[in-house]
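Engineer: A predicted structure for the sequence below; I have some questions about it.
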Amino acid sequence: MLDRKDILGIEELGRDEIETILSTAASFKEVSTREIKKVPTLRGKTVINLFYEPSTRTRTSFEIAAKRMSADAINISVSASSIKKGETLKDTALNLEAMAPDCIVVRHGSAGTPRMLAGYLDCSVINAGDGAHEHPSQALLDIFTVKERLGRIEGLHVVIVGDIAHSRVARSNIHGFTKMGARVTVCGPPTMIPPGIESLGCSVTHEMEGAVEDADVIMMLRIQLERQTKALFPSIREYSRLYGLDAGKLKRAKEGVIILHPGPINRGVEISPEVADGPWSLILDQVTNGVAVRMALFYLLLGGARE
Amino acid sequence: MLDRKDILGIEELGRDEIETILSTAASFKEVSTREIKKVPTLRGKTVINLFYEPSTRTRTSFEIAAKRMSADAINISVSASSIKKGETLKDTALNLEAMAPDCIVVRHGSAGTPRMLAGYLDCSVINAGDGAHEHPSQALLDIFTVKERLGRIEGLHVVIVGDIAHSRVARSNIHGFTKMGARVTVCGPPTMIPPGIESLGCSVTHEMEGAVEDADVIMMLRIQLERQTKALFPSIREYSRLYGLDAGKLKRAKEGVIILHPGPINRGVEISPEVADGPWSLILDQVTNGVAVRMALFYLLLGGARE
Amino acid sequence: MLDRKDILGIEELGRDEIETILSTAASFKEVSTREIKKVPTLRGKTVINLFYEPSTRTRTSFEIAAKRMSADAINISVSASSIKKGETLKDTALNLEAMAPDCIVVRHGSAGTPRMLAGYLDCSVINAGDGAHEHPSQALLDIFTVKERLGRIEGLHVVIVGDIAHSRVARSNIHGFTKMGARVTVCGPPTMIPPGIESLGCSVTHEMEGAVEDADVIMMLRIQLERQTKALFPSIREYSRLYGLDAGKLKRAKEGVIILHPGPINRGVEISPEVADGPWSLILDQVTNGVAVRMALFYLLLGGARE
């Protein structure tokens, strides 16, 4: 069990806690390979997926994880329009808690919202992504995936490429991989690297070739095409040429390098199809491991008796 | 068990039926406090939540109630656009019934829709709010909450403040509290009090001070900010000054007065934060009791064998 | 069991396979009439309903079928807007499969999408309607309904009336009924009959009177009122006069003719209320049988041990 009620970010987790989550996830991964993919562990528990931003894949992953643990899963998606005329976040939270859920999984466009919720509530809160702040279950599944393939995290060099400034995935992974003993470099054009990011314990580079050469793990971030108007780079084609990962750039990489991407991928933008679908890519393993990691989080927070 | 197939409004319920629902809800309330919040009572029953108006909290409450009884819950939300090109309500209802649900929970913008449905269908229908007509499960949870706190309904004075004319909550509660032996006064500006409302057995006042002084229970209704254009009052600020409940107005109230609100609340409009969050407020108890009352309705209508 | 992993269309099914599905559906139909409408057959299986077009009734039918088999059902509805900025269909499919579902039920506006998905995936895929191509579970429930009422399919004359060119229901039923030994005639204005449709094994007529006279089964298709701008016919009134089924036209039909409609019906357009609600109409039986047929498909594809 974890000695905490919420999972709000990797920043606050200790290395021992991360290791507990990883080993618990490893034990639950097998459930999804069974003929009957279900354990009774969390029967009678109620999980609410409270999503203020649309998400198919993350919500589905949490919902499947809850159901395979035999918990009841309730989905609530809150549209931007209904927020405007609606009650405060605090009132929404207190009202939901009055229905006695065991865990609220929350995604919100504003950094810090899950922490606010957790402060109001006695039930568990899991941050499923808050603004550009953290997405801890994503980082946990990334670390799980790397460790599963390479056998360790300690001493690895992890390069994260893309729009670091707007990426909750990057922030959570910088915290997570450095805590676990890896070295992290972030890479992208200057407009996409937030000033002072080094204070999180990572290095910065703007040149992708060198970063790739020295990497054990390359994590490509999704370019938000819809955010292009912010003019963070001259054109998608130029971005792709400089920072997209294709077979040409990958030739310089070490033997055995592995490629991660949190999805959904933009084929031909930040990652070429041959890389995304190649043997070095663990993108689909990440998705599979996401269910196992979320089962582990539910188990560790809701404290069901293990069977 | 109740000797009826539907719950369409409080108007048609007898006092003994209301008492049966309250005592059944009392016995189910404990389920949501257990480690394993689930009873097998309605296993294999199918509940359809058919919502023609968006609702997060009421739909969630019915869904949680169904799942804690082990029923299968199916959510259908019908948008205004799909109604236009769609089939008639009767055809929708008959088609759903052909899939053998045990209960359809319906919310609709037009008064009388649940009764029409119930007339077409052999399965149970619960009205989850129809236009400005009735919202019976809300009134039942309100009565439950008052009785739980004050030990009785008989002889109490209940004051309902707000837009009585457009409130299904007000109508259901006038019926419910008067049937149970309470005295009900409705309070609001003349534009918000429908002519002839006294025929439901309540008194009318336009002055909040006097009403508050004499109340055992004050129920504040939500002001529909989006309906403001109808010009029912000159400004929200003026409404709030005259009919909003704040600590100043509450000073005149009796010791031990309790405050209800069906939610979602507009803080600073019809209720001030210090009142909403104060010890006299039972707003979150209402939400908790809503799950218990809805479990009771499912139980009493669907006739599961008690365990 | 069926010796295939997917149900993509009736075109590819053999007569023996259709008969297996029908007899399995017959055995599952009884489940929905029980006090406890649930069998444990598919406990621990995960079914994903992936709908790229809005659908209330088909999605609900698949969801109820899955839950009555004790499978976990996950609903994903993908809006047109999110497709635009999103990943490719292939990536969506591979990502969902990485979460270890047993079956993906897919509806999509483009013909062939379910087949593409099935090619990418190891899990089962059921086509819940793809463009104007096929809607196999609809045809199976139609055949089931006719056989249940008339005792046979062999030798019957089935007349399908409406916009044949844009109807996946028509195509699936032409394949299905002809495979089962019936004779099929399609009927509609020339603008609604695709050239070469006879190659599917049906006859064509533009005159409804004669077609009705000679029919054992009349299947009326829904007119897509929203598609009217395409000018397939001068006016709805004229369509209705020529091709709508009313009591007048039905007088010429054989004793014992039965009427089908996939729903939702446009009362007074392609079918008059007296026909839709009359004793010759099996429209609601179709809906009831839809749940049984979908339970059968899940059972036959997911291979649960029968209890």
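Structural biologist: Perfect, thanks for sending it.

Engineer: what about the longest helix seen in chain A and chain C, touching?
Structural biologist: The residue-count maximum for a helix in chain A (DSSP state H) belongs to helix A:283-302. Yes. With CB under 8 Å from any CB of the partner chain as the measure, helix A:283-302 is seen reaching chain C through A:284, A:285, A:286, A:287, A:288, A:290, A:291. In this view, the C-beta of every residue, glycine as well, is placed from N, C-alpha and C.

Engineer: Look up the closest residue to the first one, ignoring the ones flanking it.
Structural biologist: Meaning residue A:284. Nearest residue to residue A:284, sequence neighbours excluded (CB to CB, 6 or more residues apart in numbering or on different chains): residue C:98, at 4.4 Å.

Engineer: ok now do that neighbour, which residues does it touch?
Structural biologist: Residues in contact with residue C:98 (CB atoms under 8 Å, 6 or more residues apart in numbering or on different chains) are A:284, A:285, A:286, A:287, A:288.

Engineer: Over to residue A:250?
Structural biologist: Residue A:250 neighbours (CB under 8 Å, 6+ apart): A:212, A:257, A:259, A:275, A:280.

Engineer: Now the buried members of the residues you listed.
Structural biologist: A:212, A:257, A:259, A:275 (16 or more other CB atoms under 10 Å in any protein chain shown).

Engineer: Just those: which are in helices?
Structural biologist: Counting by DSSP H, the buried ones among the contacts of residue A:250 contribute A:212, A:275 to helices.

Engineer: closest to chain C among the buried ones among the contacts of residue A:250?
Structural biologist: For the buried ones among the contacts of residue A:250, the residue nearest chain C by CB to the nearest CB is residue A:275; the value is 13.4 Å.

Engineer: can you count the residues close to the closest residue to that closest one other than its chain neighbours?
Structural biologist: Distances taken as CB to CB, 6+ apart place residue A:245 nearest to residue A:275, at 5.3 Å, with adjacent residues excluded. Per other CB atoms under 10 Å in any protein chain shown, the neighbour tally for residue A:245 reads 25.

Engineer: Repeat that for residue A:149.
Structural biologist: 13.

Engineer: re earlier: turn the contacts of residue A:250 into TSV, columns for pLDDT.
Structural biologist: Listed next are these as TSV, based on pLDDT from 0 to 100:
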residue	pLDDT
A:212	96
A:257	98
A:259	98
A:275	97
A:280	94
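
Engineer: how about the helix or strand where residue A:248 lies: buried residues?
Structural biologist: Here residue A:248, judged by DSSP states H and E, is contained in helix A:247-250. Along helix A:247-250, these residues count as buried under the neighbour rule (16+ other CB under 10 Å): A:249, A:250.

Engineer: thinking again about what came up before, send over the longest helix of chain A as PDB, restricted to the C-alpha atoms.
Structural biologist: Written as PDB, here are the backbone C-alpha positions of helix A:283-302 (Å, rounded to 0.1, in the frame of the first residue of the first chain):
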ATOM      1  CA  ILE A 283       4.300   2.700 -28.300                       C
ATOM      2  CA  LEU A 284       1.700  -0.100 -28.100                       C
ATOM      3  CA  ASP A 285       3.500  -1.600 -25.100                       C
ATOM      4  CA  GLN A 286       3.000   1.700 -23.400                       C
ATOM      5  CA  VAL A 287      -0.800   1.500 -23.900                       C
ATOM      6  CA  THR A 288      -0.900  -2.100 -22.600                       C
ATOM      7  CA  ASN A 289       1.100  -1.200 -19.600                       C
ATOM      8  CA  GLY A 290      -1.100   1.800 -19.000                       C
ATOM      9  CA  VAL A 291      -3.900  -0.500 -18.000                       C
ATOM     10  CA  ALA A 292      -1.700  -2.400 -15.600                       C
ATOM     11  CA  VAL A 293      -0.300   0.800 -14.000                       C
ATOM     12  CA  ARG A 294      -3.800   2.200 -13.500                       C
ATOM     13  CA  MET A 295      -5.000  -1.100 -12.000                       C
ATOM     14  CA  ALA A 296      -2.000  -0.800  -9.600                       C
ATOM     15  CA  LEU A 297      -2.900   2.700  -8.700                       C
ATOM     16  CA  PHE A 298      -6.500   1.800  -7.900                       C
ATOM     17  CA  TYR A 299      -5.300  -1.100  -5.900                       C
ATOM     18  CA  LEU A 300      -2.700   0.800  -3.900                       C
ATOM     19  CA  LEU A 301      -5.000   3.700  -3.200                       C
ATOM     20  CA  LEU A 302      -8.300   1.900  -2.500                       C
END
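
Engineer: list the helices and strands it packs on?
Structural biologist: Here helix A:283-302 touches helix A:15-29, helix A:57-68, strand A:103-108, strand A:124-130, helix A:136-150, strand A:258-260, helix C:89-97, going by 3 or more CB pairs under 8 Å, 6 or more residues apart in numbering or on different chains; DSSP states H and E.

Engineer: Which residue ranges make up the domains of chain A?
Structural biologist: A:15-134+A:287-302, A:136-286 (automatic domain parsing).

Engineer: Can you tell me which of these is most buried?
Structural biologist: domain A:15-134+A:287-302 (a mean of 21; mean count of other CB atoms under 10 Å in any protein chain shown).

Engineer: now that domain: mean pLDDT?
Structural biologist: What domain A:15-134+A:287-302 shows for mean pLDDT is 94.

Engineer: ends of that domain, how far apart?
Structural biologist: Domain A:15-134+A:287-302 has its terminal residues 21 Å apart, counting by CA to CA, to the nearest Å.

Engineer: Please report phi then psi for residue A:194.
Structural biologist: Residue A:194 adopts backbone torsions of phi -70, psi 140, taken as degrees, to the nearest 10.

Engineer: residues touching it, list them.
Structural biologist: A:164, A:165.

Engineer: Repeat the analysis, applying 6 Å as the threshold.
Structural biologist: residue A:165 (CB atoms under 6 Å, 6 or more residues apart in numbering or on different chains).
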